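>>> With the input below, show me the fold.
(chains A and B)
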Amino acid sequence: MIEFRNVTKKYDTGTVAVQNANFIIEKGEFAFLVGASGSGKSTLIKLILKEEEPTSGNIIINKKDTTFLKPKRIPFLRRSMGVVFQDFRLLPDKTVYDNVAYAMYIVRATPRHIRRQVPMVLSLVGLSGKAQMYPHELSGGEQQRVALARALVNNPSMLIADEPTGNLDPETAWDIMNLLNDINMRGTTVVVATHAKDVVDEMKKRVIQINKGTIVRDDRKGGYDFEV
Amino acid sequence: MIEKVGMTLKYNRLGYLIGEGFSNVFKNKKSTIASLVIMCATMIIFGISYAISENVNNFVAKMEADQGIQVFVNRDASEETIKKVGDEIKKINGVSNVEYKSKEQALDQMKQMLEDQQELLAGYEDNNFFPASYVVTFTDLSMNKQIQEEISKIDNIESIQKNDPVSEALVNIAKGIKIVTTVILVLLIMISIFIISNTIKLTVHVRRREISIMKYVGATNNFIRWPFIVEGMIIGIFAGVISIGLIGCGYVGIANALSKMELMQKMNFSLMNFSEMFSSIVIVYLLLGIGIGTVGSIISMRKYLKV
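Prediction:
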């Protein structure tokens, strides 16, 4: 599903953000990417999204090497994965419904399909009653649920979350993590970059730890561990 | 069946993109008004230059048409031949009027011109060497060359004289004005594209976050770009409509005021009717508005689509 082969990313500034990373995340897996801020987590996510190009090495997504993907094809790669960010990234002047429907317009879904699918994902994330509200009228947790609904509406094979609970209080954070777990149970591959230690410890999922750009640990059922 | 589904999809998508463009126009009121004002200003200056250049052209054309050309018939041609030549000239397509000037009239005219030096022409009454001629005016000045060629093919023609030096100088001045106004027009178009693209750049900059979100969700560049292009086009069309209204009112007002002035009446000068320029100015304005809006949006978006 997602495979990194000897991936190194060196920024123009000279910083080596990722050093010779190798890992495979299989279909249907739930994996945490952990590490202190500045460790290279975000760069790993950006590499998966092809927002950044690796300096060397190959990244294979859905059995396709994305290294030589033409810029024109990037939108289509991104459609195969749902993305969620720490700052939610919702369109402020669109309602909850339209924020989610927007992702479907892009993939040229029929109006009928949109009318059927959007309420379904909104109920999945528990926001059925708030479809006509605007993002600023929602709490942080609710906004992240909208972002999740948007990420899921096109049935992507994988969900990438970059610090999805970074802006949320612990209780809300747990709700979101449980939701991510539910989504994983339904067969979607989930990759979560986080430094929420207690969540990682509790959930007993695969943990890939990165420190100063190097992958230092890849544990099948790990916990968060700063001391290496 | 498959094709039908495809069509409804396409229609829906197009409708969505145009709808987005429209709602952007009204959502971003400040930048819409800014673009509108700048575009109107350039278009009005454009309109003024255009009106001046059209009127100069028109004036020159009228002058040239009034002037016509003078066709001299061979000196030794008989009355009959002279008449035949006149008939043949009349037959040529595009000739508006043919005026006969006899040998005697030519001599009289020369006498008048020489005023107190009549002795130079003494004795010519009996031996008039001035040729008879026809003053030919055209319905369409653009056919000038073609008609002259056809006239020169007629037998018994000695020479064709074009406009006198004074009017030729006037025509040259008019040509100069035409070149200057053309240069101004080109400069204005470039300046307005630059200003509009900067205004749109501002809008795009304000909405760069939105654009990056669209890119993360998997929107293609075209999908993101089109609402902005539609927005630019709509603003362009609005600016065109407003400018044409203002230019029209101003022009008619000036034309009326001029027509009442004595000097202008004496010079037999009047501005063209606005309706004569209306269709061309509408087309120019719409093309300009849509063109500037579109090019401006495309230029200004390039940077922000690289996510």
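>>> Surely A:Leu148 is in contact with A:Val125?
Yes: using CB atoms under 8 Å, A:Leu148 is in contact with A:Val125, at 5.3 Å. All C-beta spots, glycine's among them, are computed from the backbone N, C-alpha and C.
>>> Touching both of the two, which residues are there?
Residues within reach of A:Leu148 and of A:Val125 at once, by CB atoms under 8 Å, 6 or more residues apart in numbering or on different chains, are A:Leu179.
>>> Return the residues in contact with the closest residue to B:Ala255 other than its chain neighbours.
Closest residue to B:Ala255 apart from its sequence neighbours, by CB to CB, 6 or more residues apart in numbering or on different chains: B:Leu271 at 4.1 Å. Counting by CB under 8 Å, 6+ apart, B:Leu271 touches B:Asn55, B:Tyr251, B:Ile254, B:Ala255, B:Leu258, B:Ser259.
>>> okay, now the fifth one: neighbour count?
The reference is to B:Leu258. Look at B:Leu258: counted by other CB atoms under 10 Å in any protein chain shown, it has 14 neighbours.
>>> same thing with the last one?
B:Ser259 has 12 neighbours, counted by other CB under 10 Å.
>>> Three-state assignment for it, please.
Secondary structure, DSSP: H, G, I helix; E, B strand; the rest coil: B:Ser259 is helix.
>>> Please verify my assumption that it contacts B:Asn273.
No: at 11.1 Å, B:Ser259 and B:Asn273 do not qualify as touching, with contact defined as CB under 8 Å.
>>> quick one, helices of chain A?
Ranges of helices in chain A, per DSSP state H, are A:41-48, A:74-79, A:96-106, A:111-124, A:140-152, A:170-185, A:197-203.
>>> Any chance of these in TSV with mean neighbour count as columns?
Formatted as TSV, those follow (neighbours: other CB atoms under 10 Å in any protein chain shown):
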stretch	mean neighbour count
helix A:41-48	23
helix A:74-79	18
helix A:96-106	23
helix A:111-124	16
helix A:140-152	24
helix A:170-185	17
helix A:197-203	16
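>>> Make JSON lines from the contacts of B:Leu271 and add pLDDT and distance to A:Ile208 to it.
Output for the contacts of B:Leu271, formatted as JSON lines (pLDDT from 0 to 100; distance: CB to CB, whole Å):
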{"residue": "B:Asn55", "pLDDT": "81", "distance to A:Ile208": "77"}
{"residue": "B:Tyr251", "pLDDT": "86", "distance to A:Ile208": "73"}
{"residue": "B:Ile254", "pLDDT": "87", "distance to A:Ile208": "77"}
{"residue": "B:Ala255", "pLDDT": "84", "distance to A:Ile208": "79"}
{"residue": "B:Leu258", "pLDDT": "82", "distance to A:Ile208": "83"}
{"residue": "B:Ser259", "pLDDT": "80", "distance to A:Ile208": "86"}
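>>> Setting aside sequence neighbours, what's the nearest residue to B:Thr203?
B:Ser31 (4.5 Å).
>>> Distance from the one helix or strand the one you found maps to to the middle of the chain?
Using DSSP states H and E, B:Ser31 falls within helix B:29-67. Put simply, helix B:29-67 sits 9 Å off its chain's centre (CA atoms, centre = their mean, to the nearest Å).
>>> and if you look at stretch A:122-142?
With CA atoms, centre = their mean, you get 19 Å for stretch A:122-142.
>>> Need the three-state assignment for B:Phe72.
The assignment at B:Phe72 comes out as strand when based on three-state DSSP.
>>> What about it, how many residues nearby?
18.
>>> Quickly list what it is bridged to.
Beta bridges link B:Phe72 to B:Ser133, B:Ser159, judged by DSSP bridges.
>>> ok, now how distant is it from A:Ala36?
Separation of B:Phe72 from A:Ala36 (CB to CB, to the nearest Å): 101 Å.
>>> name the element the closest residue to A:Tyr105 other than its chain neighbours belongs to?
Nearest residue to A:Tyr105 in three dimensions, chain neighbours excluded: B:Tyr16, at 5.6 Å (CB to CB, 6+ apart). Per DSSP H and E: B:Tyr16 is located in helix B:2-27.
>>> as a whole number, average confidence for that helix?
Confidence for helix B:2-27, expressed as mean pLDDT, is 62.
>>> Likewise for stretch A:104-118?
Stretch A:104-118 comes out at a mean pLDDT of 89.
>>> Quick check, central residue of chain A?
Nearest to the geometric centre of chain A sits A:Ile160, at 1.7 Å (CA atoms, centre = their mean).
>>> which strands and helices sit next to the least confident helix or strand in chain A by mean pLDDT?
Least confident helix or strand, chain A: helix A:197-203 with a mean of 87, by mean pLDDT, DSSP states H and E. Applying 3 or more CB pairs under 8 Å, 6 or more residues apart in numbering or on different chains; DSSP states H and E, one finds that helix A:197-203 contacts strand A:30-34, helix A:170-185.
>>> rerun at 10 Å
strand A:30-34, helix A:170-185, strand A:189-194, strand A:206-211 (3 or more CB pairs under 10 Å, 6 or more residues apart in numbering or on different chains; DSSP states H and E).
>>> Any buried residues in the last one, and which?
Of the residues in strand A:206-211, those with enough neighbours to count as buried (16 or more other CB atoms under 10 Å in any protein chain shown) are A:Arg206, A:Val207, A:Ile208, A:Gln209, A:Ile210.
>>> got a markdown table for those residues, with distance to chain B and pLDDT too?
A markdown table is the format used below for the buried residues of strand A:206-211 (distance: CB to the nearest CB, whole Å; pLDDT from 0 to 100):
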| residue | distance to chain B | pLDDT |
| --- | --- | --- |
| A:Arg206 | 25 | 94 |
| A:Val207 | 25 | 93 |
| A:Ile208 | 22 | 94 |
| A:Gln209 | 26 | 93 |
| A:Ile210 | 22 | 93 |
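>>> got JSON lines for those residues, with distance to B:Gln161 too?
Shown next, in JSON lines, are the buried residues of strand A:206-211 (distance: CB to CB, whole Å):
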{"residue": "A:Arg206", "distance to B:Gln161": "99"}
{"residue": "A:Val207", "distance to B:Gln161": "100"}
{"residue": "A:Ile208", "distance to B:Gln161": "96"}
{"residue": "A:Gln209", "distance to B:Gln161": "99"}
{"residue": "A:Ile210", "distance to B:Gln161": "93"}
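>>> now, the most widely separated pair of those?
Farthest apart among the buried residues of strand A:206-211 by CB to CB are A:Arg206 and A:Ile210. That separation is 13.6 Å.
>>> Please enumerate the shared neighbours of these two.
The contact sets of A:Arg206 and A:Ile210 overlap at A:Phe23, A:Leu33, A:Asp218 (CB atoms under 10 Å, 6 or more residues apart in numbering or on different chains).
>>> who wins for neighbours among those?
Going by other CB under 10 Å, A:Leu33 tops the shared contacts of A:Arg206 and A:Ile210 with 28 neighbours.
>>> Show me the chain divided up by domain.
Just going to use chain A. A:1-80+A:158-228, A:90-155 (automatic domain parsing).
>>> nope, chain B please
Here the domain assignment for chain B is B:15-63+B:169-305, B:69-162, based on automatic domain parsing.
>>> hey, which of the ones you listed is tucked in deepest?
domain B:15-63+B:169-305 (a mean of 17; mean count of other CB atoms under 10 Å in any protein chain shown).
>>> could you pull out the strands for the stretch 151-300 of chain B?
In the stretch 151-300 of chain B, the segments counted as strands under DSSP state E, counting those that start in this stretch are B:157-161.
>>> who touches the closest residue to B:Ser152 other than its chain neighbours in this structure?
Spatially, and ignoring its direct neighbours in sequence, B:Ser152 is nearest to B:Ile160 (6.2 Å; CB to CB, 6+ apart). With contact set as CB under 10 Å, 6+ apart, B:Ile160 has these partners: B:Ile69, B:Gln70, B:Val71, B:Phe72, B:Ser133, B:Tyr134, B:Val136, B:Ile147, B:Gln148, B:Glu149, B:Ile151, B:Ser152.
>>> One more pass at 7 Å, please.
B:Ile69, B:Val71, B:Gln148, B:Ile151, B:Ser152 (CB atoms under 7 Å, 6 or more residues apart in numbering or on different chains).
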